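[1] Structure of the sequence below:
(one chain, ligands or ions: 2)
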Amino acid sequence: MKEKIKVMTVFGTRPEAIKMAPVILELAKSDKIDPVIAVTAQHREMLDQVLQLFNIKPDYDLNIMAAGQTLFDITTKAMQGLDKILTKENPDMVLVHGDTTTTFAGALAAYYHETAVGHVEAGLRTNNKYSPFPEEMNRKLTGALADLHFAPTQVSHENLRKENVPEKNIFVTGNTVIDALHRIVGDEYKFSNEMLHGIDYANRRIILVTTHRRENLGEPMRHVYKAMKEIVAEYPDVEVVFPVHKNPKVREVVNEELGGLERVHLIDPLDYEPFANLMHRSYLIMTDSGGIQEEAPSLGKPVLVLRDTTERPEAVDAGTVKLIGTEKKRVYNEVKYLLDDKAEYMRMASTCNPYGDGKAAKRIVEAILYYYGFTDVLPPVFSPSVKK
Ligand code: UD1
Ligand code: UDP
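    Ligands and ions are numbered 1, 2, ... in the order given. The predicted model follows:
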């Protein structure tokens with residue numbers, strides 16, 4: 001048996017970085033693991049924000065991001081860059097996260113090098129190939145290549161089991177996003193951003209909005225923004241804060257529909273710490289994000305999901321998350337309902353924590369050590385707390 005194993009983490013976008021950060025910090029604690037960090041930088045500024053926050057210094061940075069990048073650009077540049085890194089480092093295992101194109105390229109590159117693949121946040125499925133696009137196939141193909149599957153919940157475990165993934169290779173760990181979240185959210189937090197600091201949180205109802213999904217670009221997003229415009233005009237106590245994704249295709253439509261409006265704050269993507277604290281102070285959240293669907297329920301915030309499908313049914317079942325799509329009238333009606341009906345609001349706003357207990361990264365590292373024979377002890381299975 002080897003004295004140490006080399007584990008290479010590969011990631012490239014903001015959410016992968018946020019969710020991989022706790023794993024990286026945990027890997028660094030083990031004297032049996034020699035960690036290597038490779039980023040594709042499929043995102044640039046939005047990735048760097050997270051690297052800085054967690055003080056992560058990549059060993060390799062492929063710096064692939066380009067304006068208007070296509071799926072082909074990302075896949076080929078990531079694969080070629082990773083080939084060189086894998087040849088040089090020859091790790092025992094490559095760890096990838098989730099469902100981005102970097103995730104799939106990382107898993108495929110590792111497979112071509114006959115290197116074991118560990119998949120963090122494994123087993124999420126909508127079973128609709130084009131929704132979300134291309135994430136559903138990215139995670140499915142990554143799952144097909146993976147040796148170890150770190151499923152965040154029992155639902156994702158069951159999805160993998162149905163695809164005949166051997167039970168012994170699946171570990172139910174909770175989602176690593178919850179590991180970081182509670183450490184950085186607090187009532188005493190002070191925003192350094194002047195606008196956020198200046199908001200009268202006691203007397204305003206903040207609606208926090210984010211949008212970025214490829215299948216929502218263009219008209220679907222425009223519908224959502226038009227609905228928001230009507231809501232803001234109708235409710236003088238509502239204030240919208242919208243940290244706009246760096247994608248120019250998102251920015252253009254946001255500016256056209258919501259630019260210059262009173263009580264609508266269009267700002268740059270926030271660092272994770274202010275963003276999480278803004279979720280905590282918000283009245284409700286509207287988003288097409290995956291990660292935010294996992295975070296908001298544990299902060300007791302209702303989420304209206306601007307999508308027709310979700311791979312995260314747990315919080316929908318618990319009642320804190322609702323899928324509303326992007327059709328203008330529906331979006332308007334659903335927001336209005338939550339602004340007008342206190343009882344419905346309170347029902348959705350009760351805290352629920354189906355996605356994690358803060359120990360996911362620890363379980364993942366214990367599972368890796370178990371797989372390589374450094375311990376006989378299996379990590380305990382994550383089980384969620386019940387709705388409060
Ligand atoms: C990507 C992932 C998506 C994930 C999302 C998280 C794919 C195909 N998509 O989508 O799964 O949910 O990240 O946010 O893997 N840009 C910048 N600076 C940045 C980041 C992006 O300027 O820091 C701009 C660039 O012009 C880039 C564009 O945004 O070309 C789109 O980025 P890309 O990674 O292709 O797609 P996302 O929509 O961010
Ligand atoms: N987030 C952030 N700043 C922002 C918006 C989002 O730090 O301005 C965080 C959010 O808390 C979550 C993650 O980014 O952890 C979600 O990323 P995104 O919505 O881009 O991707 P997805 O989760 O949909 O893949």
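[2] contacts for stretch 61-79?
    The contact list for stretch 61-79, computed with C-beta atoms under 8 Å, 6 or more residues apart in numbering, reads 12, 38-44, 81-82, 85, 101-102, 104-106, 108-109, 134, 248. Where you see a C-beta, it was placed from the backbone N, CA and C, and this is true even at glycine.
[3] Just the buried ones from those?
    Buried members of those, scored by 16 or more other C-beta atoms under 10 Å, are 12, 38-44, 81-82, 85, 101-102, 104-106, 108-109, 134.
[4] Which of the contacts of stretch 61-79 fall in strands?
    Taking DSSP state E as the definition of strands, these contribute A38, V39.
[5] from the contacts of stretch 61-79, which ones fall inside helices?
    Members of these lying in helices (criterion: DSSP state H): G81, L82, I85, T101, T102, F104, A105, G106, L108, A109, P248.
[6] Return the member of those nearest to ligand 1.
    T101 (3.7 Å; C-beta to the nearest ligand atom).
[7] Verify the stated contact: that closest one with P134.
    Yes. Between T101 and P134 there is a contact under C-beta atoms under 8 Å: 6.7 Å.
[8] Strands of the stretch 1-150 of the chain, residue ranges please.
    Taking DSSP state E, counting those that start in this stretch as the test, the strands found in the stretch 1-150 of the chain are 5-11, 33-39, 60-61, 93-97, 116-120, 148-151.
[9] Let me know how buried the residue of the stretch 251-388 of the chain found nearest ligand 1 is, in neighbour terms.
    Here the stretch 251-388 of the chain gets closest to ligand 1 at one residue, G290, 6.2 Å apart by C-beta to the nearest ligand atom. G290: 22 surrounding residues under other C-beta atoms under 10 Å.
[10] do E3 as well
    E3 - counted by other C-beta under 10 Å - has 8 other residues nearby.
[11] any idea how far M346 lies from E234?
    22 Å (C-beta to C-beta, to the nearest Å).
[12] Please read the previous query as pertaining to D147.
    For D147, the distance to E234 equals 54 Å [C-beta to C-beta].
[13] Tell me which of the two has more neighbours.
    Legend: neighbour count by other C-beta under 10 Å for D147 and E234, higher for D147 (16 against 12).
[14] how about the residues of the stretch 151-300 of the chain near ligand 1?
    Neighbours of ligand 1 within the stretch 151-300 of the chain, by C-beta under 6 Å from any ligand atom: H212, R214, K246, N247, P248.
[15] and G356, that one's in a strand?
    No. Assigned with DSSP: H, G, I helix; E, B strand; the rest coil, G356 falls outside any strand and is coil.
[16] Tell me who's in contact with it.
    Each residue near G356 by C-beta under 8 Å, 6+ apart is listed here: P152, G174, N175, T176, V177, I178, D179, E294, S298, F382.
[17] Quick check on it: phi, psi?
    Per-residue torsions, G356: phi 180, psi 160 (degrees, to the nearest 10).
[18] Apart from its neighbours in sequence, what residue is nearest P248?
    A67 (6.8 Å; C-beta to C-beta, 6 or more residues apart in numbering).
[19] ditto for I207
    Among residues not flanking I207 along the chain, V240 sits closest, at 5.0 Å (C-beta to C-beta, 6+ apart).
[20] Can you lay out the strands of the stretch 1-150 of the chain as a markdown table showing distance to N164 and mean pLDDT?
    Output for these, formatted as a markdown table (distance: least, C-beta to C-beta, whole Å; pLDDT from 0 to 100):
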| stretch | distance to N164 | mean pLDDT |
| --- | --- | --- |
| strand 5-11 | 26 | 98 |
| strand 33-39 | 30 | 98 |
| strand 60-61 | 34 | 98 |
| strand 93-97 | 21 | 98 |
| strand 116-120 | 15 | 99 |
| strand 148-151 | 12 | 98 |
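[21] Tell me which of the ones you listed sits most buried.
    strand 93-97 (a mean of 28; mean count of other C-beta atoms under 10 Å).
[22] Pretty sure T115 sits against L95.
    No. Judged on C-beta under 8 Å, T115 makes no contact with L95 at a distance of 10.7 Å.
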